[in-house]
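Visitor: I need the structure of the sequence given here:
(one chain, ligands or ions: 2)
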Amino acid sequence: MHDTSSGAPGLEPGWRWNNSFAALGPDFYTPMRLQPLAAPYMVGHSAQAARLLGLGPDALQSPAWLDFLVGNQVPDGAQPLSSVYSGHQFGVWAGQLGDGRAALLGELQPPAGHTASAQEIQLKGSGLTPYSRMGDGRAVLRSSIREFLCSEAMHALGIPTTRALCVIGSDHPVYREQPETAAVVTRLAPSFIRFGHFEHFCHHDLHAQLRQLADYVIDRFYPQCRQDSRLNGNPYANFLQAVTERTARMVAQWQAVGFCHGVMNTDNMSILGLTIDYGPFQFLDGFDPGHICNHSDNQGRYAFYKQPNVAYWNLYCLGHALLPLVEEQELAIAALETFKTVFPQAFDACMATKLGFPEVRDGQRALAEDLLRLLAEQRVDYNIFWRRLSHWVAQDAQSEQEPVLDLFLDRDGIDPWLLQYSEHLAHIPRGLAANLMLKSNPKYVLRNHLGELAIQAAQRKDFSVLGQLLQVLEHPFDEHPELESFAGFPPDWAAGIAISCSS
Ligand code: AMP
Ligand code: MG
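Guide: Ligands and ions are numbered 1, 2, ... in the order given. Model prediction:
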């Protein structure tokens, strides 16, 4: 199908470029002329993400889309731009940042009555922008593959995230410590606005622009804040509260699945509560609450167990930025306070399902804390533990307890814990518990070494590993007997993988 009014082949009829962010005006961005990438080739794409744009599975393979997605050509109606933001990095004010290597291609709006929401299409690694500072505006293949796979993996785990449409490579070299393959990862989200956008306008005392931005986000994504009678009916305080709630729920899901973001700077926090900017992230292997996945994070500011507190700290920065609109400090503080109830509630709810409980049970928090302590003491593989526990519950057989026990060198702690857990389980139909567990404890997560295997193959122009990995990560709760090796323990060499900030 080809709808000429949409200016892009392969789109279903009625889709059109809307570009609502561009309509905010030049204080918010710089219009961009994209720098094309030489001799581009498709490394991987997600048919599921393509559906969000009303694109069929083959559309992305067309030469026209390849040209759009590396900036060789701009579709009629799109308005490429790079936005300005600021932010706090590693706890200190970093001043102006902005889309240093990303450009919004435009926003695609589905036809009226369509169930899909409008999506912005962003090209990351598309070349220099006015916000590139010391950088070259490019992204390398390895980090683009990691971002692509993790975006789709998180979505399949039910965790709010920006999406990824595809990764495109180019043999045109990009220099880091050594020459590397350049790439562009195409990201999709209803909006890429970050806490840092608000901090930017507050910092420069540009209150009219601050209000314009807040009104834009509220009208599009948080319209209920205008009707909410809580917090004295103050829409900006209600907006802060709604962002606080979404962020708390997202981080609770990170903690439950063992996801470490690695760079929770305020410019990497989505105003929609989406996981955004995948860099040195890691899914925990052995459970270590103090794990630091970012090689550049010398102080451990973004260690795994600190993520909820950091999210709260970041929300505080957002609250400060919104204060000129909220006007009353008490209201902003009240909005932020909701984190302290929403986060533990959301985390308890996640742990309940992981344990196979249809709802949070009395005594569950102590049970979960005891378990996490045991897992940490013996660095038990986090996701393998939960999957084996799920199988034990599903089989209801004593013999199936062995695979769980085998994960512990010292069984003195886990034996009594399993007894205690069985007492809780006795109140719940086994089938129900097992079903909950097998649908909430993934068999497949994007461990660092799996990403590395896909990257190494892709660097040899073999994209099959990436394709297989995407297949299991899109269905992480299903068994994939032919791809069992992706569900195993990390090999010894995984410990040597070091991933740092921007690459
Ligand atoms: P990140 O650590 O990826 O969140 O990036 C922090 C800031 O640095 C953002 O403003 C990025 O756009 C910018 N940045 C990161 N890498 C590059 C690069 N290679 N070229 C230009 N800007 C970059
Ligand atoms: Mg960033």
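
Visitor: Specify the local secondary structure of the residue nearest to residue 42 when sequence neighbours are not counted.
Guide: Leaving aside its chain neighbours, residue 42 sits nearest to residue 168 (5.9 Å; criterion: Cβ to Cβ, 6 or more residues apart in numbering). (C-beta placed from N, C-alpha, C; glycine too.) Three-state assignment for residue 168 (DSSP: H, G, I helix; E, B strand; the rest coil): strand.

Visitor: neighbours of residue 168, just the number please.
Guide: Each residue near residue 168 was counted by other Cβ atoms under 10 Å, and the total is 26.

Visitor: For the remainder of this discussion, apply numbering that starts at 16.
Guide: Renumbered: residue one is now 16, and that last one reads residue 183.

Visitor: Spell out which parts of the protein neighbour ligand 2.
Guide: Those residues of the chain that sit near ligand 2, judged by Cβ under 5 Å from the ion, are 283, 292.

Visitor: which residues of the chain fall in strands?
Guide: Assigned by DSSP state E, the strands in the chain fall at 31-32, 44-46, 56-60, 96-98, 101-104, 107-111, 117-124, 134-139, 154-155, 178-190, 194-204, 274-275, 297-298.

Visitor: Can you name the residue of the stretch 216-365 of the chain nearest ligand 2?
Guide: Nearest to ligand 2, among the residues of the stretch 216-365 of the chain, is residue 292, at 3.9 Å (Cβ to the ion).

Visitor: Could you give the bridge partners of the residue nearest to residue 57?
Guide: Residue 183 has the following beta-bridge partners by DSSP bridges: residue 57, residue 199.

Visitor: Confirm for me that it is in contact with residue 84.
Guide: Yes: at 5.8 Å, residue 183 and residue 84 qualify as touching, with contact defined as Cβ atoms under 8 Å.

Visitor: Can you check which residues contact both of the two?
Guide: 55, 199, 201 (Cβ atoms under 8 Å, 6 or more residues apart in numbering).

Visitor: Which one of those sits in the busiest neighbourhood?
Guide: Using other Cβ under 10 Å as the neighbour criterion, residue 199 leads those with 30 neighbours.

Visitor: gap between residue 162 and residue 336?
Guide: 26 Å (Cβ to Cβ, to the nearest Å).

Visitor: Now the terminal residues of stretch 106-122, how far apart.
Guide: 32 Å (Cα to Cα, to the nearest Å).

Visitor: Next, see if it gets close to ligand 1.
Guide: Yes: legend: contact between stretch 106-122 and ligand 1 by Cβ under 6 Å from any ligand atom is shown at 112, 113, 114, 115, 116.

Visitor: Pull out the buried positions in that stretch.
Guide: Residues 109, 112, 113, 114, 115, 116, 117, 118, 119, 120, 121, 122 are the ones in stretch 106-122 that count as buried (16 or more other Cβ atoms under 10 Å).

Visitor: quick one: contacts for the fifth one?
Guide: Residues counted as contacts of residue 115 (Cβ under 8 Å, 6+ apart) are 97, 144, 146, 147, 148, 150, 152.

Visitor: in the stretch 366-515 of the chain, which spans are helices?
Guide: For the stretch 366-515 of the chain, applying DSSP state H, counting those that start in this stretch gives helices covering 379-392, 397-410, 416-420, 429-440, 445-455, 463-474, 479-488.

Visitor: who's in contact with the third one?
Guide: The one in question is helix 416-420. For helix 416-420, using Cβ under 8 Å, 6+ apart, the contacting residues are 400, 403, 404, 406, 407, 426, 429, 430, 433.

Visitor: circling back to that earlier point, with respect to pLDDT, which of the shared contacts of residue 183 and residue 84 ranks lowest?
Guide: The lowest pLDDT within those belongs to residue 55, with 94.

Visitor: Please look at that residue and residue 186 and confirm they touch.
Guide: No: Residue 55 is beyond contact range of residue 186, at 9.5 Å (criterion: Cβ under 8 Å).

Visitor: Tell me the residues of the stretch 116-265 of the chain that contact ligand 1?
Guide: Close to ligand 1, as judged by Cβ under 6 Å from any ligand atom, the stretch 116-265 of the chain has residues 116, 146, 147, 150, 151, 152, 153.

Visitor: 5 Å instead, please
Guide: 116, 147, 150, 152 (Cβ under 5 Å from any ligand atom).

Visitor: Pick the one among the residues you listed closest to residue 503.
Guide: Using Cβ to Cβ, residue 116 comes nearest to residue 503 of these, at 34.9 Å.

Visitor: Quick check: can you list the domain ranges of the chain?
Guide: 16-207+461-518, 221-345, 372-453 (automatic domain parsing).

Visitor: can you list the ones you listed in JSON lines and add distance to residue 357?
Guide: Output for these, formatted as JSON lines (distance: least, Cβ to Cβ, whole Å):
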{"stretch": "domain 16-207+461-518", "distance to residue 357": "14"}
{"stretch": "domain 221-345", "distance to residue 357": "4"}
{"stretch": "domain 372-453", "distance to residue 357": "14"}
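
Visitor: Which one of those domains lies nearest to residue 353?
Guide: Closest to residue 353 of the domains of the chain is domain 221-345 (Cβ to Cβ; 5.3 Å).

Visitor: how far out from the middle of the chain is the closest one?
Guide: On the basis of Cα atoms, centre = their mean, to the nearest Å, domain 221-345 sits 12 Å off its chain's mean C-alpha point.

Visitor: Tell me the span between the first and last residue of that domain.
Guide: 23 Å.

Visitor: Quick check, the residue in the stretch 116-265 of the chain closest to ligand 2?
Guide: In the stretch 116-265 of the chain, the residue that lies nearest ligand 2 is residue 209 (7.8 Å; Cβ to the ion).

Visitor: Quick one: residues contacting that residue.
Guide: 100, 102, 281, 282, 283, 284, 285, 286, 291.

Visitor: Which pLDDT value does the model give it?
Guide: On pLDDT, residue 209 comes in at 98.

Visitor: likewise residue 510?
Guide: So residue 510 comes in at 89 (pLDDT).

Visitor: Tell me where the longest helix sits in this structure.
Guide: Longest among the helix segments of the chain by residue count, using DSSP state H, is helix 250-272.

Visitor: nearest to residue 365, of the domains of the chain?
Guide: That would be, of those and by Cβ to Cβ, domain 221-345, which comes in at 3.6 Å.
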